[in-house]
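Undergrad: the following comprises the amino acid sequence and a computationally predicted model.
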Amino acid sequence: MESLRVKKVRLTETGTDFHELTKGFVSIRTRNLFPGSVVPCDLYFPFLHGGQALSLEKALASGDEYTAEFHDKLISHGIQTVYIRKEAEASFSDYFTSKLQQIINSPNTPSEVKTQLIYDDAESIVKKVLRERPDQGNIRLGRRFVNYFAIQLAADEVTADALLVIFSKDYYTFTHMVQVALLGMAFCRFLGWKEDDLKSFGFGALFHDVGKSSIDNAILNKPGKLDADEFDLMKAHPRLGYERVKKTHVMTPDQLSVILHHHEALDGSGYPDGLEGNDISLYARIARIADCFDALTTNRPYKSALPPAKAIKIMTDEMGHTFDRELLARFVQFLGLEEADQPASGLRLQIDLGIKVLLELEKQPEKWNGLLVGMEPERYLIVRVPALAAAKNHLQPGSHTVCRYICRGNVVQFRTKVLGHVLHPVKLLFLKFPSGFQVLNLRKNPRIECFLPADVDIEGRHYPGTLLDISIGGCKFSSRGVSSDISSQLPVGASITLFSTLFSEPSPLPFAGLVRHVEVDRDKFILGIQFERLDGVSHQKLSAFLENMLVLVR
Ligand SMILES: [Fe+2]
Ligand SMILES: [Fe+2]
């Protein structure tokens, strides 16, 4: 067994030769072998010969007993993987399923162990679907996992905690699909869904990215940004998956909508159909949240995992307009992140008395200006509408209206219902306090807040300072220790060049632009700079920097 330990080191360090060696074999987790059972097929372990040549050797033959002693030895040597021949996969699957059934039914097995085994089962099913094809038989296998998991969730509170441990692992596309199904089902349970509904959602979510099996691996795992053509190919995966699974007739329209519409965004900016709001099914809106959170919090070939609180911050602040805000707020509660260092403050409707609002009926050209003059949070808003006498036929109690206003540079929009109105002594409209809302970012380019050293070149003089935020279109720069007449040297519209290393460049890159805003406070000044004619290298490096920082979900 000592040689096995050496071989494990080799396994993790070798690359292509090991892939060659394991062609025709399938890996099995050691924990999926059950002490005291009879092995259903030949088991192979990697052996190292003379310190160099590596081979797979048969260690147990089909029908041998897998003893507790042998199992303990493997575990004590850190051997987590063994191999079986591909042809033996079906018999191993039968062996595993029958054992799994016993374990799930056993009250003595800790819930963590049950959850881990259910997860392994799901992973093997999804792997099979991706490797082979999403036909009726393969997809139906997914029901087995979803059923076990739903039963486990309904029976045991501890499962949710065990899941959080699983979530911290690395994985690839197949595990991502499992994770999204697990996370989504656990979230639906938090929302109060019953077991049958959990199963129904989980079945769709488990195969949400199945269309990726038709996308080239070089694109799926490309380190760095996809070019426009590659991204177009990637964007085909929801429809590819949908069309293939629909043919099998095993999923309901709701379940299929998870596959087709999990990349649709509430503001209509998603794909493949550009649907908006409630035109996107509830299943797909939930799947999008779980999908995005999972993608952000997981290591991928092209990016490292973000901590959950940071992922939620990005989802609420930068991508909030693409999610169902109400569901996102519940998701934050579900994760228990409300008290974390990144509070979900953006999830509360920010509306102050005195704010100007614009009211319109859906799909109608009329718009009415109003002023928010009163409210009872969670119950109603009172808007003074000067043109109410003329508009009252459109704004009858029970009619729906869309209300918009500007808050902190964003357009906030919600759909609400007219509760009633009065015309004397002032024209007031009573609206239901909205249960959800969208925030539409007015800025075309997402901005990264940062604190990076930079300097600006003003008429041949360098001013050292700090880059406060940056986007592809411009930045904000601050500097101290200058004379107060800097504003006269820097009128709005003046040309300026900013230099920054953007963290990792060996020498500062130039960013040419125009001054758009000047703020002077004693010896400190802040400049708003709009980039103009960036040189190719600076543009490319800035795009890569922003891409890395924003970690946009594909
Ligand atoms: Fe996807
Ligand atoms: Fe996904």
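TA: Received the coordinates, thanks. Ligands and ions are numbered 1, 2, ... in the order given.

Undergrad: and the closest residue to Ser500 other than its chain neighbours, helix, strand or coil?
TA: Closest residue to Ser500 apart from its sequence neighbours, by C-beta to C-beta, 6 or more residues apart in numbering: Ala454 at 3.8 Å. C-betas here are computed from N, CA, C, even on glycine. The three-state label given to Ala454 by DSSP: H, G, I helix; E, B strand; the rest coil is strand.

Undergrad: and Ala454, what are its bridge partners?
TA: Taking DSSP bridges as the rule, Ala454 bridges to Gly465, Ser500.

Undergrad: mind checking pLDDT for it?
TA: The per-residue pLDDT reported for Ala454 equals 85.

Undergrad: cool, Thr12 as well?
TA: Thr12 is assigned 35 on the pLDDT scale.

Undergrad: near ligand 2, which residues of this protein show up?
TA: Taking C-beta under 5 Å from the ion as the measure of proximity, the chain contacts ligand 2 at 209, 291.

Undergrad: show me the shaky parts of the stretch 451-554 of the chain.
TA: Applying pLDDT under 70 to the stretch 451-554 of the chain flags the ranges 451, 481-489, 503-505, 547-554.

Undergrad: what segments of it are strands?
TA: With strands called from DSSP state E, counting those that start in this stretch, the stretch 451-554 of the chain shows them at 461-470, 474-480, 495-500, 509-521, 524-531.

Undergrad: do the stretch 301-450 of the chain as well
TA: Along the stretch 301-450 of the chain, the segments classed as strands by DSSP E, counting those that start in this stretch run 356-360, 367-376, 380-384, 400-407, 410-422, 428-432, 438-441, 448-458.

Undergrad: any chance of the ones you listed in a markdown table, with mean neighbour count and distance to Ser124 too?
TA: A markdown table is the format used below for the strands of the stretch 301-450 of the chain (neighbours: other C-beta atoms under 10 Å; distance: least, C-beta to C-beta, whole Å):
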| stretch | mean neighbour count | distance to Ser124 |
| --- | --- | --- |
| strand 356-360 | 17 | 53 |
| strand 367-376 | 16 | 54 |
| strand 380-384 | 21 | 53 |
| strand 400-407 | 16 | 48 |
| strand 410-422 | 17 | 44 |
| strand 428-432 | 20 | 49 |
| strand 438-441 | 18 | 40 |
| strand 448-458 | 17 | 40 |
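
Undergrad: save those as CSV, and put in distance to Gly192 too.
TA: Listed next are the strands of the stretch 301-450 of the chain as CSV, based on distance: least, C-beta to C-beta, whole Å:
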stretch, distance to Gly192
strand 356-360, 33
strand 367-376, 26
strand 380-384, 26
strand 400-407, 26
strand 410-422, 23
strand 428-432, 23
strand 438-441, 24
strand 448-458, 37
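
Undergrad: could you tell me the least trusted of these?
TA: Among those, strand 438-441 scores lowest, at a mean of 60.

Undergrad: domains in this protein, by residue range?
TA: 1-87, 356-441, 448-550 (automatic domain parsing).

Undergrad: make TSV from those and add distance to Ala218 to it.
TA: Shown next, in TSV, are the domains of the chain (distance: least, C-beta to C-beta, whole Å):
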stretch	distance to Ala218
domain 1-87	16
domain 356-441	33
domain 448-550	18
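
Undergrad: so which residue is dead centre in the protein?
TA: Cys292 (1.4 Å; C-alpha atoms, centre = their mean).

Undergrad: I'd guessed it sits against Glu318; true?
TA: No. With contact defined as C-beta atoms under 8 Å, Cys292 does not reach Glu318; the gap is 11.1 Å.

Undergrad: so which elements touch the strand or helix carrying Glu89?
TA: Assigned by DSSP states H and E, Glu89 falls within helix 89-105. Identification of packing neighbours for helix 89-105 by 3 or more C-beta pairs under 8 Å, 6 or more residues apart in numbering; DSSP states H and E yields strand 25-29, helix 111-131, helix 136-155.

Undergrad: 6 Å instead?
TA: In terms of contacts (3 or more C-beta pairs under 6 Å, 6 or more residues apart in numbering; DSSP states H and E), helix 89-105 is packed against helix 111-131.

Undergrad: pLDDT of the helix it packs on, averaged?
TA: Averaged across helix 111-131, pLDDT comes to 69.

Undergrad: next one: stretch 334-341
TA: Here the average pLDDT along stretch 334-341 is 55.

Undergrad: same check, this time on stretch 57-75
TA: For stretch 57-75, mean pLDDT is 88.

Undergrad: what's the end-to-end length of it?
TA: Taking C-alpha to C-alpha, to the nearest Å, stretch 57-75 runs 18 Å from one end to the other.

Undergrad: show me how far it is from its chain's centre.
TA: 40 Å (C-alpha atoms, centre = their mean, to the nearest Å).

Undergrad: list the buried ones in it?
TA: 59-60, 66, 70-71, 74 (16 or more other C-beta atoms under 10 Å).

Undergrad: looking at these, which one is closest to ligand 2?
TA: Leu74 (33.8 Å; C-beta to the ion).

Undergrad: helix or strand: which one has that closest one?
TA: Leu74 belongs to helix 68-76, assigned by DSSP H and E.

Undergrad: would you confirm that Gly420 contacts Phe430?
TA: Yes. Taking contacts as C-beta atoms under 6 Å, Gly420 lies within contact range of Phe430: 4.8 Å.

Undergrad: which SSE is Ile289 in?
TA: helix 282-296.

Undergrad: what residues does that helix touch?
TA: Applying C-beta atoms under 6 Å, 6 or more residues apart in numbering, the contact partners of helix 282-296 are 179-180, 183-184, 201, 204-205, 208, 254, 257-258, 261-262, 306, 311, 323-324, 327-328, 331, 553.

Undergrad: average pLDDT for it?
TA: Throughout helix 282-296, pLDDT has a mean value of 94.

Undergrad: against Gly374, how distant is Phe70?
TA: Using C-beta to C-beta, to the nearest Å, Phe70 is found at 75 Å from Gly374.

Undergrad: check contacts around the residue nearest to Ser500.
TA: 467, 498, 500.

Undergrad: again with His394
TA: Residues near His394 by C-beta under 6 Å, 6+ apart: Leu361.

Undergrad: again with the one 5 residues further on
TA: Contact criterion C-beta under 6 Å, 6+ apart gives Val418 as the residues in contact with Ser399.

Undergrad: likewise for Lys524?
TA: Arg480 are the contacts of Lys524 under C-beta under 6 Å, 6+ apart.

Undergrad: equivalent analysis for the one 5 residues further on, please.
TA: When the contact criterion is C-beta under 6 Å, 6+ apart, the partners of Ile529 are 474-475, 513.

Undergrad: now neighbour count too, for those, in a markdown table please.
TA: What follows is those, written out as a markdown table (neighbours: other C-beta atoms under 10 Å):
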| residue | neighbour count |
| --- | --- |
| Gly474 | 23 |
| Cys475 | 25 |
| Gly513 | 24 |
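
Undergrad: pipe those residues into CSV and attach distance to Ser98 per row.
TA: As requested, the contacts of Ile529 are exported to CSV (distance: C-beta to C-beta, whole Å):
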residue, distance to Ser98
Gly474, 63
Cys475, 62
Gly513, 68
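
Undergrad: closest one of these to Pro40?
TA: Cys475 (62.5 Å; C-beta to C-beta).

Undergrad: residues contacting that closest one?
TA: Contacts of Cys475 (C-beta under 6 Å, 6+ apart): 467, 529.

Undergrad: distance check, Ile458 against ligand 2.
TA: To ligand 2, Ile458 is 48 Å away according to C-beta to the ion, to the nearest Å.

Undergrad: I'd like to know how many residues surround Cys233.
TA: In this structure residue 233 is Leu, not Cys. 15 (other C-beta atoms under 10 Å).
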